[in-house]
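S.K.: predicted model and sequence below, questions to follow.
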Amino acid sequence: MPRNISPYGTIGQGNTKMPGTVYSIDAFACVTGSKLAAIAGTPCSICYARKLQKFRTNLGVAYRRNLEAWRAVEASKNYAAWSASMAAQITATGTAYHRWFDFGDLQSTAQLRAIADVALATPTVNHWLPTQERGMLAEFTLLYGALPANLVVRVSASTIDGTVPKSAHSSIVVTTATAGTWPCEARTRGNQCGDCRACWEPTVKTVAYPKH
Ligand code: SF4
């Protein structure tokens, strides 16, 4: 459970499955994901984060606080202060791995820019960001070019067993093994990543997660 230590929002510790640190916002605030959640056959329609937030209401309170802090940053355009706070919190933990949005998703291209600045400020940390926001990633590329080398943004397939997104890094939820993908085997380790860091690994193009 994250502590409220910054007006810009709070970095939390990973869960029992996932190593490192995490940044989470309200899972019901996803821009594209909220539309997909209403469509059967999409990964968002079976979103674990939304289910968990409904059962553990304290998570919703903390993650809505992070979302509101971000919205205040968008209103003030004080992106540099937000990035500095996130980078300082991540650095203070000593982690080598950080995940963006274990709950929720990118809110804007400006947020991806601010996250890229966090990655640049923490060059020894591996950052991973899964997203349904293809348009924001495309706009970022148009405006700023390549992402920092230590930030892997994985575009998520919009349907279960669907088409693998044509981006540098991607992920897909599957019901059967899919050729050319890295199969997530956390389930074979008691739902733990163990030594695997494929999601953060730039040489892994597509990660395939078995459907829950
Ligand atoms: S692919 Fe590896 S790093 Fe990614 S969630 Fe599965 S076990 Fe964890």
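M.R.: Noted; the coordinates are in hand. Numbers count the residues shown, from 1 in each chain.

S.K.: for Q53, give its distance to T163.
M.R.: For Q53, the distance to T163 under the criterion C-beta to C-beta, to the nearest Å works out to 29 Å. (Each C-beta comes from the backbone N, C-alpha and C, glycine too.)

S.K.: I meant to write N191 there.
M.R.: Taking C-beta to C-beta as the criterion, N191 is separated from T163 by 27 Å.

S.K.: same check, this time on M136
M.R.: Here M136 is placed at a distance of 20 Å from T163 (C-beta to C-beta).

S.K.: between those two, who's got more neighbours?
M.R.: Neighbours of M136 and T163, each counted by other C-beta atoms under 10 Å, are more numerous for M136; the result is 22 against 10.

S.K.: on the three-state scheme, the more buried one is what?
M.R.: Put simply, M136 is helix when judged by DSSP: H, G, I helix; E, B strand; the rest coil.

S.K.: surely it and T109 touch.
M.R.: Yes. Because the distance of 4.6 Å satisfies C-beta atoms under 8 Å, M136 is recorded as touching T109.

S.K.: all helices for the protein, in order.
M.R.: All helices of the chain, identified by DSSP state H, fall at 31-36, 48-55, 57-76, 79-93, 109-121, 134-144.

S.K.: name the helices or strands packed onto the longest one?
M.R.: So the one you mean is helix 57-76. Using 3 or more C-beta pairs under 8 Å, 6 or more residues apart in numbering; DSSP states H and E as the contact criterion, the secondary-structure elements in contact with helix 57-76 are helix 48-55, helix 79-93, helix 109-121.

S.K.: ok, and what's touching the first one?
M.R.: Think helix 48-55. Contacts with helix 48-55, where a contact means C-beta atoms under 8 Å, 6 or more residues apart in numbering, come from 26-28, 37, 59-60, 63, 102-104, 212.

S.K.: at 7 Å instead, please
M.R.: Residues from elsewhere that reach helix 48-55 (C-beta atoms under 7 Å, 6 or more residues apart in numbering): 27-28, 37, 59-60, 63, 103, 212.

S.K.: all good on my end, thank you.
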